[in-house]
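**Student:** Based on what follows, work out the 3D shape:
(one chain, ligands or ions: 2)
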Amino acid sequence: MTDLSNSVSIRDLSLSFGAVTVLQNLDLDIKDGEFLVLLGSSGCGKSTLLNCIAGLLEPTDGQIFIKDKNVTWEEPKDRGIGMVFQSYALYPQMTVEKNLSFGLRVAGMPKEEIAKRIARASNILQIEPLLQRKPAALSGGQRQRVAIGRALVRDVDVFLFDEPLSNLDAKLRSELRVEIKRLHQSLKNTMIYVTHDQIEALTLADRIAIMKSGVIQQLDDPITIYNRPKNKFVAGFIGSPSMNFLTGELADEGGRTVFRTNGTSFSLAGYEATETLPPGRKVVLGVRPEHIKVDGDLAGEEAHDAIVDIEEPMGADNLIWLKLAGHTISVRIGGARRYAVGAKVRLGFDMTMASLFDAETEDRI
Ligand SMILES: Nc1ncnc2c1ncn2[C@@H]1O[C@H](COP(=O)(O)OP(=O)(O)O)[C@@H](O)[C@H]1O
Ligand SMILES: [Mg+2]
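**Tutor:** Ligands and ions are numbered 1, 2, ... in the order given. Take a look at the predicted model:
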């Protein structure tokens, strides 16, 4: 039933709160040592799924295996998991050291072993100077480190993180993100990490499971998700600014297939279609801002006139918004390249990096 190389297997999992079905017949296999990110907007069912794995919620149907053991009905403490929440969930009256040791003391672990584990965890997380402080005397980032430490001392097979960085300010968030990645690289435990933040997903994940309304839309490595999104939802969810979407239709022009929108035709040469592209089909062409060449970048390929509408210089990058064939599109260029509003430029789409979606189903074609 389960694969030996899988650390966590979810089979046909359904969960309803009364009449509201949040998860339905969900299957997911997470490999041993994998960093899997569950990504989706608020309310899509990420925490519900994680809480089922943790044993904090009882599924309506289906099974959960951890290390090939059916844990569907096991208590959270018997599942070999450690969980880290957005809210830290530390005991306010206990010192950091007591917070770290609490679960181990309750489990009756010998003192020396507890001391050894706390020393190791606090060294990894660099919280040794904080051991005698109480949570109120810690910054958000330090509290979250302690919360991670509490999972670390338990020596679990699987770490579960539920939006652990969401309460931190932007700078701390990116610092702790790197630390979590380093932690995974050194521990090599299986980690399941819930977030609504696409940057966290792209930077941390071995694979991303992107969810919408309780359904996994695509399960792939970050580069595949980014470059070959399976549908328009995935394409639009990942990437900032969003992929440009142009609605139009396929047409045949002298034997070659083109994408036509508002009377302008774009050659699809170089596009790797997953199925045949019949003329007349209504489609949406998706192109990321960095996959559009401007003026001097063009090397003889097909190009179109566009007018600069707005410029957003961002230091390393410059984002320009242009009017092209009745659409407003964004293009990412080097930070040193500047354009005046109203300037006329030539644009060429890199069709090898583009995406075509059926206008009706919104699936990649
Ligand atoms: N205890 C509950 N009772 C009823 N509905 C719930 C409960 N917990 C969550 N939900 C609903 O289930 C859906 C998924 O919630 P959740 O898994 O927390 O989403 P996410 O973590 O992706 O933001 C939401 O629509 C939420 O309102
Ligand atoms: Mg949640």
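**Student:** and E275, backbone torsions?
**Tutor:** Here is the backbone geometry of E275 (degrees, to the nearest 10): phi -150, psi 180.
**Student:** Tell me the secondary structure at Y271.
**Tutor:** Secondary structure state of Y271, per DSSP: H, G, I helix; E, B strand; the rest coil, is coil.
**Student:** Find me the pLDDT at it, would you?
**Tutor:** As predicted, Y271 sits at a pLDDT of 96.
**Student:** Can you name the residue of the stretch 51-200 of the chain nearest ligand 1?
**Tutor:** Going by Cβ to the nearest ligand atom, ligand 1 is nearest to V194 of the stretch 51-200 of the chain, at 6.4 Å. Where you see a C-beta, it was placed from the backbone N, CA and C, and this is true even at glycine.
**Student:** burial of that residue, as a residue count?
**Tutor:** V194 has 27 neighbouring residues, counting by other Cβ atoms under 10 Å.
**Student:** for the stretch 151-300 of the chain, what are the low-confidence residue spans?
**Tutor:** Nowhere does the stretch 151-300 of the chain drop to pLDDT under 70.
**Student:** Would you map the strands across it?
**Tutor:** Using DSSP state E, counting those that start in this stretch, the strands of the stretch 151-300 of the chain run over 158-162, 190-195, 207-212, 215-220, 244-253, 256-261, 264-267, 282-287, 292-294.
**Student:** Point out the most buried one among those.
**Tutor:** A comparison of the strands of the stretch 151-300 of the chain by mean neighbour count, using mean count of other Cβ atoms under 10 Å, puts strand 190-195 on top with a mean of 26.
**Student:** Contacts for that one next, please.
**Tutor:** Contact with strand 190-195 is made by 7-8, 30-39, 46-47, 49-50, 53, 157-166, 180, 184, 200-201, 204-205, as judged by Cβ atoms under 8 Å, 6 or more residues apart in numbering.
**Student:** Check those one by one and keep those near ligand 1.
**Tutor:** The residues of these that also fall near ligand 1, by Cβ under 6 Å from any ligand atom, are K46, S47.
**Student:** Now, the contacts of strand 190-195 that are in helices?
**Tutor:** K46, S47, L49, L50, I53, I180, H184, E200, A201, L204 (DSSP state H).
**Student:** For this structure, which residues are neighbours of ligand 1?
**Tutor:** Within the chain, the positions near ligand 1 by Cβ under 6 Å from any ligand atom are F17, V20, V22, G40, S42, G43, C44, G45, K46, S47, T48.
**Student:** Which pLDDT value belongs to the third one?
**Tutor:** Meaning V22. For V22, pLDDT reads 97.
**Student:** Could you check how many residues crowd around it?
**Tutor:** V22 has 20 nearby residues by other Cβ under 10 Å.
**Student:** Would you verify that it is located in a strand?
**Tutor:** Yes: using three-state DSSP, the assignment for V22 is a strand.
**Student:** so what's it up against?
**Tutor:** Contacts of V22 by Cβ under 8 Å, 6+ apart are L15, S16, G45, T48, G214.
**Student:** wait, the first one sits on P59?
**Tutor:** Think L15. Yes: shown here, L15 and P59 form a contact pair, counting by Cβ atoms under 8 Å, at 5.0 Å.
**Student:** Mind listing the shared neighbours of these two?
**Tutor:** Common contacts of L15 and P59 (Cβ under 8 Å, 6+ apart): L23, C52.
**Student:** tell me the domain boundaries of this structure?
**Tutor:** The record's domain parsing of the chain by automatic domain parsing lists 6-237, 244-358.
**Student:** To I365, which of those lies closest?
**Tutor:** Closest to I365 of these is domain 244-358 (Cβ to Cβ; 5.2 Å).
**Student:** Just name the most buried of the domains of the chain.
**Tutor:** Among the domains of the chain, the stretch with the highest mean neighbour count (mean count of other Cβ under 10 Å) is domain 6-237, at a mean of 18.
**Student:** Enumerate the beta-bridge partners assigned to F35.
**Tutor:** As for beta bridges, F35 partners with M191 under DSSP bridges.
**Student:** Next: the one 4 residues further on.
**Tutor:** With DSSP bridges as the criterion, L39 is bridged to T195, I210.
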